[in-house]
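Trainee: My questions concern the predicted model and sequence given below.
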Amino acid sequence: MNPMPRDHAVDALLYPFADGQLHWPASDALFLRAREGAALHAVRAQAFVATQPFKPEAQRLERIGINLLDEDALPAAGYPLVLVLPPRQREEARALLARACTACAPGGTVIAAVANDEGAKSREADLRQLAGAVSVTSKYHCRVFWTQPGAAFDAGLVARWQQADVPRRIASGDVPGGGFSSRPGVFAWDRVDAASKMLAAALPADLRGRVADFGAGWGYLSMQVLARCPQVTALDLYEADARALALARTNLADARVPVQLHWQDVATGVAERFDGIVCNPPFHALGRGDRPDIGRAFIAAAAAALKSGGRLWLVANRHLPYEDALGAGFAQVRSVAQGGGFKIVEAVKA
């Protein structure tokens, strides 16, 4: 059996408990944006619940028996200990820390860990603004910081930072209707990303039948499919980020065809079958490094999900090595366009 991989942020977050600086409470703790890792398994005897909007990570947590909660509907002052792994995006991270303070019971502790190269000092400063003095230690190239006993949270700042993360309308001439609903932290949250825009402009008017959007985000490509492809009769959106999928639901609320939304990791395959698929696959997970294996898994899933003669329309960074995956899964592959560092490919299933 392969050993459980190390997650340095999780390791660092739990280190103060391992060395006796902090202690687990007798009642449930709350872990915001929890991730599985060896250090987490070491504390599974402790009682805690968690949140995690990213489907692959959520599934890993559920497999080891951790109950997941809706991050936007947490009880106030409900937990004596709140652990946090803040994301990189500033407004989203601040909102998550503010949500942790709201969920923390009087006299409780909020503790967070961030990798040194992902804004650790800024997030420490954020928690200090919310709670006053904090304790700090460093471990595994991460910074760990937690509130003092009896800390009084700045209620006004907590409220403002939580509001900074709520969904809002983004004006955009690139979107049918002139704008879209979004929120900080989702991919391309305040703009239309260049790759998706390029693919939308290339979509063929004769795309028809039941179409899927793999890695749909907040719904831009799906909206463009409906605007540009009048013969499409049904649309399925697949997205691993629950926060983005909720926005897509809002953005597609008035769709002219039946729409189904799936909180799902496309890389694991899908059960439904389609006449067409559009896709701007992610090429990273929760880390910074390129992950072309994710795009290849999307391509394999698309090949399996398309009906005979079905068409995949894909955009990707030009340097990503997807040609072998396309050749293995499709009878016909053609380059439609290249530019701006991107490539558009149409692939047809035999």
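Mentor: In hand now; what should we look at?

Trainee: can you map out the helices along the stretch 201-350 of the chain?
Mentor: 220-228, 242-251, 292-305, 323-329 (DSSP state H, counting those that start in this stretch).

Trainee: For the second one, which helices and strands make contact with it?
Mentor: The contact analysis (3 or more Cβ pairs under 8 Å, 6 or more residues apart in numbering; DSSP states H and E) places helix 242-251 against strand 179-182, helix 220-228, strand 231-239, strand 259-263. (Glycine included, C-beta is placed from N, CA and C.)

Trainee: In a markdown table: those, plus mean neighbour count, mean pLDDT and distance to residue 335.
Mentor: Putting the helices and strands packed on helix 242-251 into a markdown table (neighbours: other Cβ atoms under 10 Å; pLDDT from 0 to 100; distance: least, Cβ to Cβ, whole Å) gives the following:
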| stretch | mean neighbour count | mean pLDDT | distance to residue 335 |
| --- | --- | --- | --- |
| strand 179-182 | 20 | 98 | 29 |
| helix 220-228 | 22 | 98 | 19 |
| strand 231-239 | 21 | 98 | 24 |
| strand 259-263 | 17 | 98 | 29 |
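
Trainee: Check which residues of stretch 56-76 are buried.
Mentor: Residues of stretch 56-76 classed as buried by neighbour count (16 or more other Cβ atoms under 10 Å): 56, 57, 58, 59, 60, 61, 66, 68, 69, 71, 74.

Trainee: what distance separates stretch 321-330 from the centre of its chain?
Mentor: 26 Å (Cα atoms, centre = their mean, to the nearest Å).

Trainee: repeat for stretch 58-70
Mentor: 16 Å.

Trainee: Identify all contacting residues around that stretch.
Mentor: 30, 34-36, 40-41, 44, 48-52, 242, 265 (Cβ atoms under 8 Å, 6 or more residues apart in numbering).

Trainee: Go through the residues you listed and give me the one with the most neighbours.
Mentor: residue 30 (26 neighbours; other Cβ atoms under 10 Å).

Trainee: Chain neighbours aside, what residue packs nearest to residue 143?
Mentor: residue 120 (3.6 Å; Cβ to Cβ, 6 or more residues apart in numbering).

Trainee: Check what pLDDT the one you found gets.
Mentor: Per-residue pLDDT puts residue 120 at 97.

Trainee: Kindly report the same for residue 77.
Mentor: 92.

Trainee: Tell me who's in contact with it.
Mentor: 102, 103, 104, 105, 106.

Trainee: pLDDT and distance to residue 340 for the buried residues of stretch 56-76 - can I get that in a markdown table?
Mentor: Shown next, in a markdown table, are the buried residues of stretch 56-76 (pLDDT from 0 to 100; distance: Cβ to Cβ, whole Å):
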| residue | pLDDT | distance to residue 340 |
| --- | --- | --- |
| 56 | 94 | 29 |
| 57 | 95 | 31 |
| 58 | 97 | 34 |
| 59 | 96 | 35 |
| 60 | 94 | 35 |
| 61 | 95 | 38 |
| 66 | 94 | 42 |
| 68 | 97 | 39 |
| 69 | 97 | 41 |
| 71 | 94 | 35 |
| 74 | 94 | 41 |
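
Trainee: Point out the ones among those residues that are inside helices.
Mentor: 56, 57, 58, 59, 60, 61 (DSSP state H).

Trainee: Residue 138: which of the residues you listed is nearest?
Mentor: Among these, residue 57 lies closest to residue 138 (Cβ to Cβ), at 24.5 Å.

Trainee: how much space is there between that closest one and residue 9?
Mentor: Separation of residue 57 from residue 9 (Cβ to Cβ, to the nearest Å): 12 Å.

Trainee: joint contacts of the two?
Mentor: residue 35.

Trainee: Can you list the low-confidence ranges for the stretch 151-300 of the chain?
Mentor: Within the stretch 151-300 of the chain, the stretches with pLDDT under 70 are 284-290.

Trainee: picking that back up, now distance to residue 296 too, for the helices and strands packed on helix 242-251, in TSV please.
Mentor: Supplementary listing: the helices and strands packed on helix 242-251 in TSV, determined by distance: least, Cβ to Cβ, whole Å:
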stretch	distance to residue 296
strand 179-182	28
helix 220-228	20
strand 231-239	16
strand 259-263	20
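
Trainee: how about these, which one is nearest residue 344?
Mentor: Across these, closest to residue 344 is helix 220-228 (Cβ to Cβ), at 12.1 Å.

Trainee: list the contacts for the most centrally placed residue in the chain?
Mentor: By Cα atoms, centre = their mean, the chain has its centre lying nearest to residue 241, at 3.7 Å. Taking Cβ under 8 Å, 6+ apart, we find residue 241 in contact with 53, 54, 55, 186, 187, 217.

Trainee: what do you get if the cut-off is 6 Å, keeping everything else the same?
Mentor: The neighbourhood of residue 241, defined by Cβ atoms under 6 Å, 6 or more residues apart in numbering, consists of 53, 54.

Trainee: go on, residue 114?
Mentor: Counting by Cβ under 6 Å, 6+ apart, residue 114 has contacts 86, 120, 123, 143.

Trainee: Which members of these are positioned in strands?
Mentor: residue 143 (DSSP state E).

Trainee: Which two of the contacts of residue 114 have the greatest separation?
Mentor: 86 and 143 (10.9 Å).

Trainee: who has more neighbours, the two?
Mentor: Ranked by neighbour count (other Cβ under 10 Å), residue 86 and residue 143 place residue 86 first, with 26 against 22.
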